[in-house]
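**Student:** next input, structure requested:
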Amino acid sequence: MPNEIDTAKLAAALRDKRSKNDLRVRAAAKEIGDVSPSTLSRVEQGNLPDLDTYLRLCRWLERSPEYFATGTHARPSNEVRLPDDVIVQLRADRTLDERTRDALVTMIRTAYAAAKRGDIDDEATHG
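**Tutor:** From the prediction side, this is the model:
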């Protein structure tokens with residue numbers, strides 16, 4: 001089966017980066033370069049971009065084009081970047097309502113930030 005682009009995952013990654021950087025569509029499109037705000041909006045709605053746009057979006061997202069591919073050999077195993085991968089998956093999950101997704105994203109970011117600072121006690125994580 002040929003690889004295809006997971007447009008829901010791509011859309012979620014775009015929305016997440018815009019949200020994280022507090023960027024509106026127009027500002028993000030300008031930052032990406034050579035992508036119109038309307039094209040960016042369409043991709044965020046799950047539409048497939050053309051190849052040039054797709055490659056620009058991947059560069060802006062700091063992801064390889066294979067990251068959003070589906071299929072057997074879609075993603076190199078060494079390209080896992082937590083918590084971003086978890087957050088992208090949560091944003092792509094349409095079974096969760098927006099408030100729940102936002103709460104989970106906040107919890108994940110808070111937990112990772114605390115772990116990075118060394119604020120999480122071993123007893124709290126091991127019970």
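**Student:** okay, now the unreliable bits of the chain?
**Tutor:** Along the chain, the model assigns pLDDT under 70 to residues 1-3, 71-81, 121-127.
**Student:** break down it into its strands, ranges please.
**Tutor:** Here the chain has its strands, by DSSP state E, at 4-5, 69-70.
**Student:** same list, the ones you listed, but as a markdown table with mean neighbour count and distance to residue 45 please.
**Tutor:** In short, each C-beta sits where N, CA and C put it, glycine included. As requested, the strands of the chain are exported to a markdown table (neighbours: other Cβ atoms under 10 Å; distance: least, Cβ to Cβ, whole Å):
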| stretch | mean neighbour count | distance to residue 45 |
| --- | --- | --- |
| strand 4-5 | 14 | 14 |
| strand 69-70 | 15 | 19 |
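**Student:** how about the ones you listed in JSON lines, adding distance to residue 44?
**Tutor:** As requested, those are exported to JSON lines (distance: least, Cβ to Cβ, whole Å):
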{"stretch": "strand 4-5", "distance to residue 44": "14"}
{"stretch": "strand 69-70", "distance to residue 44": "19"}
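**Student:** quick one, longest helix in this protein?
**Tutor:** Using DSSP state H, we find that the single longest helix of the chain is helix 98-117.
**Student:** quick one: contacts of that one?
**Tutor:** Under the contact criterion Cβ atoms under 8 Å, 6 or more residues apart in numbering, helix 98-117 has outside partners 16, 82, 83, 86, 87, 90, 91, 93, 96, 120.
**Student:** top of those by neighbour count?
**Tutor:** Comparing these on neighbour count, residue 91 comes out first with 23 neighbours (neighbours: other Cβ atoms under 10 Å).
**Student:** circling back to that earlier point, show only the entries of the contacts of helix 98-117 found in helices.
**Tutor:** Going by DSSP H, the helices hold 16, 86, 87, 90, 91 from the contacts of helix 98-117.
**Student:** before I go, just wanted to say thanks for your time.
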